[in-house]
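I'd like to go over a predicted model; first the sequence, then the structure.
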Amino acid sequence: MPAIVLVGAQWGDEGKGKATDLIGSSVDYVVKFNGGNNAGHTVVIDGETYALHLLPSGILSPNVTPVIGNGVVVDLAVLFEELDTLQARGIDTSRLVVSANAHLIPSYNRTLDKVTERFLGQRRIGTTGRGIGPTYADKMSRVGLRVQDLFDEKILRQKVEGALDQKNQLLVKVYNRRAVTVDEVVDELMSYADRLRPMVTDTSLLLAGALDEGKVVIMEAGQATLLDVDHGTYPFVTSSNATAGGACTGSGVPPTRVDSVIAVLKAYTTRVGEGPFPTELFGDEGDRLRKAGGEFGTTTGRPRRCGWFDAVIGRYATRINGTTDLVLTKLDVLTGYDPVPVCVAYEVDGVRYDEMPMTQTDFHHAVPVFEYFEGWDDDITGARSMDDLPPAARRYVEAVERLCGAPVSAVGVGPGREEIVAVRDLVR
Ligand code: IMP
């Protein structure tokens with residue numbers, strides 16, 4: 001039975017929560033495999049809006065086991081805050097499991113994330129300030145703290161001491177901040193240990209068993225393809241692998257068990273934070289799209305940068321992820337635009353590029369080559385099949401398929417759970 005990977009195809013905020021939600025009734029496990037509380041899913045159920053940052057969106061579906069995989073970085077204060085908020089709204093959160101190998105975000109990494117951004121000035125990344133980058137850096141430098149360390153206080157203390165030897169030098173001598181004590185870090189982390197313990201398990205073993213039993217497992221990326229630390233617009237990226245390959249390393253599910261890869265694409269493009277964005281719209285044009293799409297960050301509330309659909313990126317995402325299904329979201333936001341521009345290639349110093357330029361320098365200089373599609377005025381939020389869409393909207397969807405090189409299996413036509421055109425089953 002299928003292991004399905006779900007990724008974002010652009011710079012994040014494509015509406016992945018809605019795609020998981022759409023297939024929710026056939027799914028047994030939803031695994032978050034990368035990132036931490038830098039993510040933001042907004043899920044609307046029966047008119048109620050839920051904003052999740054750290055928890056997998058499967059937490060809202062009663063028959064799903066939500067899994068925080070080994071590739072995730074966990075801020076324990078946020079974890080319990082989100083659980084408490086959901087419980088207060090009557091959601092049963094008792095099924096959540098957390099990998100013993102997931103890394104913890106200690107308070108000093110939140111501080112370092114913010115101060116390094118400040119020091120970078122013009123060269124800043126525009127991070128969410130949640131300590132994500134420093135925590136992944138610690139993981140790779142082998143000075144990270146893991147969930148399982150909470151169950152051996154002596155080891156935890158040794159690790160915190162080792163980490164603080166370096167971190168305090170940085171905090172005090174470079175960034176002019178106060179030193180952090182071993183006790184304050186250990187005490188804060190240990191205050192969560194008892195509550196966390198029952199949730200912690202060997203999640204890769206759990207998932208292997210689940211797949212053996214024929215259960216359906218969805219591995220859901222935080223962030224998106226162009227924010228992937230290897231395949232994105234480095235250095236303006238997050239610090240983890242948000243593409244399909246990351247689903248395997250971040251969960252322990254091997255590549256040979258993955259059956260399909262769903263990439264979620266917005267009908268236009270948005271990005272938060274700094275970095276190149278060839279189809280970006282500025283001034284009134286940007287404001288109009290931002291307002292129409294409600295493009296303000298779930299995590300930080302920052303206004304998102306908005307622009308036209310970029311098919312070069314869409315094609316790139318299909319190739320990097322091995323996309324088998326596209327889910328096109330927020331098509332309704334384009335209602336009323338005529339014509340609708342779509343970037344089909346770039347021009348860099350007079351040379352046409354049909355694929356992503358090899359170097360970041362060229363990508364920074366990429367000027368979009370637009371094709372103009374006929375728009376539509378009719379409200380499409382009631383459409384439930386491709387035949388319900390106005391011909392121009394249908395042609396737009398077909399163009400996305402053709403330009404990105406993968407079939408569109410569902411189209412989002414409004415924020416509600418049911419506002420979707422399902423073209424073919426995502427679980428096969
Ligand atoms: P970090 O993940 O906080 O280190 O931020 C690195 C970059 O990724 C910044 O440009 C963030 O705005 C961006 N980013 C991180 N998470 C998300 C997300 O869920 N959606 C969109 N952008 C994100």
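Structure's in. What do you need? Numbering: from 1, shown residues only.

rest of the way, CA atoms for contacts and neighbours
OK.

confidence score at residue 120?
pLDDT recorded at residue 120 is 91.

do the helix or strand hosting it and the ligand meet?
Counting by DSSP states H and E, the element that carries residue 120 is helix 107-120. No. Using Cα under 6 Å from any ligand atom, no contact is recorded between helix 107-120 and the ligand, whose separation bottoms out at 7.9 Å.

Check which helices and strands the next helix or strand after that helix is in contact with.
Tracing the chain past helix 107-120, the next element assigned as helix or strand by DSSP H and E is helix 132-141. Based on contacts counted as 3 or more Cα pairs under 8 Å, 6 or more residues apart in numbering; DSSP states H and E, the elements that helix 132-141 packs against are strand 73-74, strand 103-104, helix 107-120.

Can you name every helix or strand that the longest one contacts?
With contacts defined as 3+ Cα pairs under 8 Å, 6+ apart, the packing partners of helix 107-120 are helix 132-141.

Also the first one?
With contacts taken as 3+ Cα pairs under 8 Å, 6+ apart, strand 73-74 sits against strand 103-104, helix 132-141.

Could you say which of these is packed most deeply?
Per residue and on average, the most neighbours among these fall to strand 103-104, with a mean of 26 (mean count of other Cα atoms under 10 Å).

what's that one in contact with?
When contacts are defined by Cα atoms under 8 Å, 6 or more residues apart in numbering, strand 103-104 is touched by residues 70-76, 135, 139, 144-147.

And these, which is closest to the ligand?
The shortest approach to the ligand among the contacts of strand 103-104 belongs to residue 135, at 9.6 Å (Cα to the nearest ligand atom).

Tell me the confidence at that closest one?
With respect to pLDDT, residue 135 scores 98.

by how many degrees do the longest helix anywhere in the chain and helix 107-120 diverge?
Looking only at the chain and at elements set by DSSP state H, the helix with the highest residue count is helix 153-169. Calculated by axes from the mean of the first three to the mean of the last three Cα atoms, to 10 degrees, helix 153-169 forms an angle of 20 degrees with helix 107-120.

Please work out how many residues are found near the closest residue in space to residue 181 that isn't next to it in sequence.
The shortest distance from residue 181 to any non-neighbouring residue, by Cα to Cα, 6 or more residues apart in numbering, is to residue 164 (7.9 Å). The tally of other residues near residue 164 (other Cα atoms under 10 Å) stands at 20.

Could you report the separation of residue 164 from the ligand?
In this structure, residue 164 lies at 21 Å from the ligand, with Cα to the nearest ligand atom, to the nearest Å as the measure.

Surely that residue touches residue 180?
Yes. Because the distance of 7.4 Å satisfies Cα atoms under 8 Å, residue 164 is recorded as touching residue 180.

Comparing the helices and strands packed on helix 132-141, which comes out most buried?
The highest average neighbour count among those, using mean count of other Cα under 10 Å, belongs to strand 73-74 at a mean of 28.

what does the next helix or strand after it rub up against?
Once the chain leaves strand 73-74, the next helix or strand it forms, by DSSP H and E, is helix 76-88. Taking contacts as Cα under 8 Å, 6+ apart, the residues outside helix 76-88 that touch it are 37, 52, 54, 55, 92, 93, 104, 105, 189, 192.
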